[in-house]
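K.L.:
The sequence and its predicted three-dimensional model are supplied below.
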Amino acid sequence: MKNVVSKLNRDGKQVSPWQHTSKIPVIHHHENMVYDCLIVGAGITGITAALKLQLAGKTTLVAEAFTIGYGTTGGTSAHINTFADTTYTEAESAFGKEGARQFAHAVNEGLNLIRKNVEEYRIDCDFKILPGYLYAEDEEQVKQLDDIYKGAVSVEVPVEYVSDVPTNVPYQKALKFDGQAQFEPIKYLHRLAQEYLKAGGIILQYTKIDEVESGDGVHVAKTGQTSIKAKSIIYATHMPPGINVLNMRCAPYRSYVFGVKLKDDKYPDALVYDLQEPYHYVRTHVINGQKLLIIGGNDHKTGHDDEEAAFADLEEYTRQYYNVDVVKYRWSSQYYVPVDGLPYVGEMPDRADGIYCATGFNGNGMMLGSVSGAILADLILGNANPLSQLFSIKRFKPIDGFTEFVKENADVAWHFVADRFKAEEIKALNDVETGVGKIIELDGKKVAAYRDEQGELHTLSSVCTHMGCTVKWNTTEKSWDCPCHGARFDIDGNVVTGPATVNLEKVNV
Ligand code: FES
């Protein structure tokens, strides 16, 4: 079998430390074959689901629009926790005690699944069990911390108050969660992909699914000049493509991360989190023999804030508390916040039967992506999975999720109106500076214009092809990001992140 050596690409210009090369065999699929399942997206969710299905005897194929791990798995900060961004107190208020208990079980299952795979396949991916610390810096945060403690105790997640946290930041009160973990996500993912191939699975990289036609129990996914037939489809792409119910239930966010070499050796041998809004997270990873502080945070809604300002703030914070020698890496990544706090996993209610997806993992994609992949496989295999009810896309929690729901959707609605009828930035074409993207008005139409390093202008329609919001320039990743549901496009308008499926229209100036 011929191997192709491919370097992991990511959905942005910044490079994460996990971007290395891998050998993926080139396999040709049979166009007339009807697979049991087509998995769209080769991140941690897709590959976990594909491996489980293939090992259970199903015929499967993974179609990835770019390279394995291109999306958030290639840009994660790779924390593996037993507590989540949605606290167990919040989960209990929205889903009751049993719901919160099941959620805690799901988070733990995600961690166990990764650990089990690491052990079973002897994956050399820097997997390490470590304690996690969460600390409060003022009275308000102490209340939050006490609340998190009560919620964790209530669902029997091991936690204790401690007075010694490996951080340089002054704090008032802190919690310790034992049994957390970290790993190198792409080494893990590539190895899982190899096991999947060994089991007879097929991975097609650079294979974008353009559209799907469904009928007579078979879905035909078109890709370029060819098509893939399957009885079921899993969209493991965070947001499934096109307009669907999840657009109104999940909000896209971006998070920022640095890999920093310190002058001293004060690297924490732990995972450490604060309770600021937005919060910061810190851990240590040895990359190419060099210890690095992996420090992240400053999250904001995609397309809403200045990305360079987010990096500048994070750098200032890092330098305030750590003795920085050099910043070796800086990158950002995208995740989706669900309105009621829990992921959406299962069959899509507004598509033909047999089309599934998983999204809304918040900042906990490694655990929740893994466990969601397993849930989706179980749904297709007809296995009972107690978590499938809790995470069902068909659930509706209008009361408890109401405040967040209104906030997120009022914001989306504002963009629908404002973006379509008011130019936010009207600039002359020749004002567009090198390396910068701007929305300008030309002949009464808003145009997304970017001038590359050679001085050439790339001009596109600024109207997102998903539902018509105006895209915003992402300075750091050199992409056009949609503030409504998080679609992203490169400088030539090509889709790099869904739910949009159609490229931005080129504008000839
Ligand atoms: Fe929905 Fe752009 S992603 S309008």
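P.N.:
Received the coordinates, thanks. In this text the structure is predicted, and so the values were computed from the model without any measurement.

K.L.:
Which single residue of the stretch 201-350 of the chain ends up nearest the ligand?
P.N.:
For the stretch 201-350 of the chain and the ligand, the shortest gap (CB to the nearest ligand atom) falls at Asn247, measuring 5.9 Å. To be clear about C-beta, it is placed using only N, CA and C from the backbone, and glycine gets the same treatment.

K.L.:
and Asn383, what is it in contact with?
P.N.:
Residues near Asn383 by CB atoms under 8 Å, 6 or more residues apart in numbering: Ala377.

K.L.:
and what of Ala91?
P.N.:
Ala91 makes contacts with Gly99, Ala100, Phe103, Ala104, Gly151, Gly341, Leu342, as judged by CB under 8 Å, 6+ apart.

K.L.:
Quick check: closest non-adjacent residue to it.
P.N.:
Ala100 (4.1 Å; CB to CB, 6 or more residues apart in numbering).

K.L.:
How many residues are close by that neighbour?
P.N.:
27 (other CB atoms under 10 Å).

K.L.:
That one and Glu92 touch, don't they?
P.N.:
Yes: between Ala100 and Glu92 a contact is recorded at 3.8 Å, counting by CB atoms under 8 Å.

K.L.:
what touches both of the two?
P.N.:
Gly151, Ser154, Val155.

K.L.:
Can you tell me which of those is nearest the ligand?
P.N.:
For the shared contacts of Ala100 and Glu92, the minimum distance to the ligand (CB to the nearest ligand atom) is 33.0 Å, reached by Gly151.

K.L.:
right, and the helix or strand after the host helix or strand of the closest one?
P.N.:
Element membership of Gly151, judged by DSSP states H and E, is helix 139-154. Note on helix 139-154: by DSSP H and E, the next helix or strand toward the C-terminus is strand 160-162.

K.L.:
Just checking, which helix or strand succeeds that next one along the chain?
P.N.:
strand 173-182.

K.L.:
tell me which residues in that following strand are buried?
P.N.:
For strand 173-182, a neighbour-count test (16 or more other CB atoms under 10 Å) marks Lys173, Ala174, Leu175, Lys176, Phe177, Gly179, Gln180, Ala181, Gln182 as buried.

K.L.:
what's next to that strand, contact-wise?
P.N.:
78-83, 111, 114-115, 126-136, 142, 145-146, 148-149, 152, 157-163, 165, 271, 283, 285.

K.L.:
and the host helix or strand of Ala94, how far out from the chain's middle?
P.N.:
Take DSSP H and E as the rule and Ala94 turns out to sit in helix 88-120. From the chain centre to the centre of helix 88-120 is a distance of 18 Å (CA atoms, centre = their mean, to the nearest Å).

K.L.:
Helix 139-154 and that helix, what's the angle between them?
P.N.:
Using axes from the mean of the first three to the mean of the last three CA atoms, to 10 degrees, the inter-axis angle of helix 88-120 relative to helix 139-154 is 60 degrees.

K.L.:
in the following helix or strand past helix 88-120, what's buried?
P.N.:
Remark: after helix 88-120, the chain's next helix or strand is strand 128-136, criterion DSSP H and E. Residues Lys128, Leu130, Pro131, Gly132, Tyr133, Leu134, Tyr135, Ala136 are the ones in strand 128-136 that count as buried (16+ other CB under 10 Å).

K.L.:
what about the fifth one, distance to Gly96?
P.N.:
Here the distance between Tyr133 and Gly96 works out to 29 Å (CB to CB, to the nearest Å).

K.L.:
got it, and the first one?
P.N.:
Noted for Lys128: a distance of 35 Å to Gly96, by CB to CB.

K.L.:
The second one too?
P.N.:
Shown here: Leu130 relative to Gly96, a distance of 32 Å by CB to CB.

K.L.:
so where's the stretch 301-450 of the chain shaky on pLDDT?
P.N.:
396-430 (pLDDT under 70).

K.L.:
how about the helices of it, start to end?
P.N.:
In the stretch 301-450 of the chain, the segments counted as helices under DSSP state H, counting those that start in this stretch are 307-321, 365-381, 387-390, 402-421.

K.L.:
Can you mark which positions in the second one are buried?
P.N.:
Neighbour-count burial for helix 365-381, counted by 16+ other CB under 10 Å, picks out 365-380.

K.L.:
partners of the strand or helix carrying Gly297, with directions?
P.N.:
Assessed by DSSP H and E, Gly297 sits inside strand 290-301. Strand pairing for strand 290-301, determined by DSSP bridges: strand 250-262 (antiparallel), strand 280-287 (antiparallel).

K.L.:
So for Val447, which of the ones you listed sits nearest?
P.N.:
With CB to CB as the criterion, Val447 lies closest to strand 250-262 of these, at 23.3 Å.

K.L.:
does any part of that closest one sit near the ligand?
P.N.:
No: Strand 250-262 lies out of reach of the ligand by CB under 6 Å from any ligand atom, never closer than 7.9 Å.
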